[in-house]
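Enquirer: Quick one: sequence and predicted model below, then my questions.
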Amino acid sequence: MILSIESSCDDSSIAITQIKNSKLIFHKKISQEINHSKYGGVVPELAARLHAKALPNILEECTQYFKNLKAVAVTNEPGLCVSLVEGVSMAKALSISLQIPILPINHLKGHVYSLFIDNSKTLFPMLVLLVSGGHTQLLHVQSYDDIEVLASTLDDSFGESFDKVAKMLGLGYPGGPIVEKHALNGDEKKFAFTVPLLKTSKLAFSYSGLKNQVRLAIQKYPQNRDDICASFQHVAIKHLIHKLKKVLQEKSFKNFAIVGGASANQYLRSEMQNLCDTNKMELHVAKMQFCSDNAAMIGRCAVDAYNLKRFVSLSDISINSRANF
Ligand code: KG4
Ligand code: ZN
């Protein structure tokens, strides 16, 4: 079995995954959302202090599996430095005390592997849209080692833009689920926000301009919260579809997936299903509880890393807050 640790942002999580069949044996996550909510976003030092408290508590629940462990996996990039260090320190301590090797795991790759939790097979090649609080990326994933970034955001990420809109409207954090809920009662045609990067053929995403359009709308029509949420969400997703269509004009794919915290958005899921139907692709999504950050996806990714023998020595494990793939 592999014990995996995730602490890159504001979720403290540990999982145990069986190597031979990728079965998830144990998984627990303690989310800090409530603690950060009043600040409208994650406060790094507070996150680190809460990880230091939560991770040992979760670990206590997995001591029965210690004798079966063949490796310890940990998210070491990208993420908040002070948060990553909490998980990495625990992984180092376990590696020394249990005499098992360490597998450093890239958090973004972990999100891709959230699709294969409890499943020993992967489905590569695949076109993957990663939408989270830190990233908006379109990826061509061919294998564990072969991930090409086809497009990324020039400024804010998709999830971050929901967080900022919620903050401007005084709705709390994380903004994604709250904005989605308000949007259900609103009219998406009420505010004609312009779709970002519509006139350029550049394969990239941008959300800061849309955020500013929303800011101006809030100033002028503060009482129209639901319509603003609906119109914002509609255009934010239209932007993704516009760029995806561009990619699909050039190349066809059999499998398409959305991963990351924002892939829980039902409107996004149904729009992506329509896109897949038109382009004869199969849509893949992770189970709802594995869309946002969790150690189960890190553990599933670590099974492939283990089979590829991607172990590092204690002195070589590094933390890289801004890493890509
Ligand atoms: O993947 P994740 O848990 O953490 C990062 O790696 O960033 O993603 C969290 C992000 C937050 O920005 C949150 O607002 C967004 O995902 N999110 C959503 C929804 N649920 C979570 N965005 C839009 N609609 C949602 N339903
Ligand atoms: Zn994430």
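Expert: Thanks, I have it. Ligands and ions are numbered 1, 2, ... in the order given.

Enquirer: For the rest of this, base every contact and every neighbour count on C-alpha atoms.
Expert: OK.

Enquirer: What pairs with the helix or strand containing Val128, parallel or antiparallel?
Expert: Val128 is part of strand 126-131 when elements are defined by DSSP states H and E. Strands adjacent to strand 126-131 in the sheet, as given by DSSP bridges, are strand 136-141 (antiparallel), strand 255-259 (parallel).

Enquirer: what residue ranges in the stretch 151-300 of the chain score low on pLDDT?
Expert: Nowhere does the stretch 151-300 of the chain drop to pLDDT under 70.

Enquirer: Show me the strands in it, by range?
Expert: All strands of the stretch 151-300 of the chain, identified by DSSP state E, counting those that start in this stretch, fall at 255-259, 282-285.

Enquirer: and of those, who's closest to ligand 1?
Expert: For ligand 1, the closest of the strands of the stretch 151-300 of the chain is strand 255-259, at 7.9 Å, according to C-alpha to the nearest ligand atom.

Enquirer: which outside residues touch the closest one?
Expert: Identification of contacts with strand 255-259 by C-alpha atoms under 8 Å, 6 or more residues apart in numbering yields 111-112, 114-115, 123-132, 276, 281-286, 291.

Enquirer: picking up where we left off before, which residues does the strand holding Val128 contact?
Expert: Contacts of strand 126-131 (C-alpha under 8 Å, 6+ apart): 111-112, 136-142, 157-159, 253-263.

Enquirer: what do you get if the cut-off is 6 Å, keeping everything else the same?
Expert: Strand 126-131 is contacted from outside by 136-141, 158, 255-260, 262, using C-alpha atoms under 6 Å, 6 or more residues apart in numbering.

Enquirer: what do you get for stretch 290-304?
Expert: Residues contacting stretch 290-304 (C-alpha under 6 Å, 6+ apart): 4-6, 13-15, 17, 19, 110, 113-114, 117, 260-261.

Enquirer: near ligand 1, anything from that stretch?
Expert: Yes. Contact of stretch 290-304 with ligand 1 (C-alpha under 6 Å from any ligand atom) involves Ser292, Asp293.

Enquirer: Check the offset of that stretch from the chain's centre.
Expert: How far stretch 290-304 lies from its chain's middle: 11 Å, per C-alpha atoms, centre = their mean, to the nearest Å.

Enquirer: Now for Ala147, how many residues are close by?
Expert: Actually, residue 147 is Ile rather than Ala. 17 (other C-alpha atoms under 10 Å).

Enquirer: which of the contacts of stretch 290-304 are close to ligand 1?
Expert: With C-alpha under 6 Å from any ligand atom as the criterion, these include Gly260, Gly261 near ligand 1.
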